[in-house]
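Undergrad: test case, fold it:
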Amino acid sequence: VYRLNARADVSEHRHRWLSMRPLVQLKQDVEFNASLGGIIDVLKIAASVQLRQLQAREPLSKEFLAHLQDCLSMLHPDQVQHPFLREREDLPACVVVITSEEGFAGELNTLLVNAALDAWDAARGDTLVVLGERGASSLEELNVPFVRFPGVTEAIEPAEVDRLKRYLIREYLLGRWGKILVVYARFLNVSSQRVEQETVLPQRLAGGSVRMPEPPLIAPSQTQVIEGLINRSLSYLLHQIFWQSKLSECAARLMRLEASSQELSRINQQLALQYAKHLHALADKAIREISASRAPRSAARRRRSDSA
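TA: Numbers count the residues shown, from 1 in each chain. Okay, here's the model as predicted:
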């Protein structure tokens, strides 16, 4: 009898251990999600601090381009046949797309790559230039040829702008391209960014407010002065585009992390409910088993006392 009871106890303990496995797994999932939620909170704080720092250092004056137009208008650029000022439609184009180096940007990188591919015409011989590891990885998966550049850093150093600018100007003046357009994300607010295309070369002059009746005395030459002004204008435009792209990246990352945090909270609520149900079910089962095991023993004791 004792041997049979021992076997029954072993079987009962094994059954209890098997029934506890889901509970243990649920507890591990809850603890893991709690740690993951802490990591997401830290990333959200870092993204919001980075976004605020970028917003606080808006580059250069917004009036720079207006002053540049005034300077160009005094040079009568309409009388100069320079490739910086006219589009050569018989040549291929260059499409530059600015993506992020890091993840957690939601669909922003996908939208940027798709917009660049829409503007890129392989049959015409267009060149695709990609800044950022995320965009480069997407194009490698699609087997699309492209020229790789490092992504935009948080500091947006002048050397980053100059590196891209020198490459674009050199290839453009060599007659490889007739137009250069940049695909990037414009920052509207924290929850909204817009993918835009901007033609940086050739530059279309809106006409400045300063006009001179006669061409002024220019040294060393009118062409060289125009090239210098357009060079400055291109640096400004690229710097603004880099800044807008970085703002959009930080905002998209912040919103993506917030969505992940909300989804994780929803999952944690479900896990906590399942954990509580399993815990209550095991407690009820243990109470029933204890009550059921005591009933026969109590009856046996009563019979022994009656027979005595």
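Undergrad: so where's the protein uncertain?
TA: In the predicted model of the chain, residues 1-21, 23, 58-61, 75-80, 106, 205-219, 294-308 satisfy pLDDT under 70.
Undergrad: tell me the centre residue of it?
TA: Ala105 (2.0 Å; Cα atoms, centre = their mean).
Undergrad: what's the closest non-adjacent residue to that one?
TA: Ala252 (4.6 Å; Cβ to Cβ, 6 or more residues apart in numbering). C-beta coordinates here come from the backbone N, C-alpha and C atoms, glycine included.
Undergrad: so which helix or strand takes in that neighbour?
TA: In this structure, Ala252 sits in helix 222-307 according to DSSP states H and E.
Undergrad: thinking again about what came up before, just confirm the residue nearest to Ala105 contacts Leu108, I think it does.
TA: Yes - using Cβ atoms under 8 Å, Ala252 is in contact with Leu108, at 4.3 Å.
Undergrad: buried residues in stretch 184-192?
TA: If you call a residue buried by 16 or more other Cβ atoms under 10 Å, then stretch 184-192 has these buried ones: 184-187, 190.
Undergrad: and which of those is nearest Lys285?
TA: Val190 (50.4 Å; Cβ to Cβ).
Undergrad: now do the contacts for the residue nearest to the closest one when sequence neighbours are not counted.
TA: Excluding the flanking residues, the one nearest Val190 by Cβ to Cβ, 6+ apart is Ala251, at 5.0 Å. By Cβ atoms under 8 Å, 6 or more residues apart in numbering, the contact set of Ala251 is 51, 187, 189-191, 193.
Undergrad: looking at the residues you listed, which are in helices?
TA: Leu51 (DSSP state H).
Undergrad: how near is Gln193 to Asn143?
TA: 28 Å (Cβ to Cβ, to the nearest Å).
Undergrad: higher neighbour count, the two?
TA: Neighbours per residue, other Cβ atoms under 10 Å: of Gln193 and Asn143, the larger number sits with Gln193, 25 against 6.
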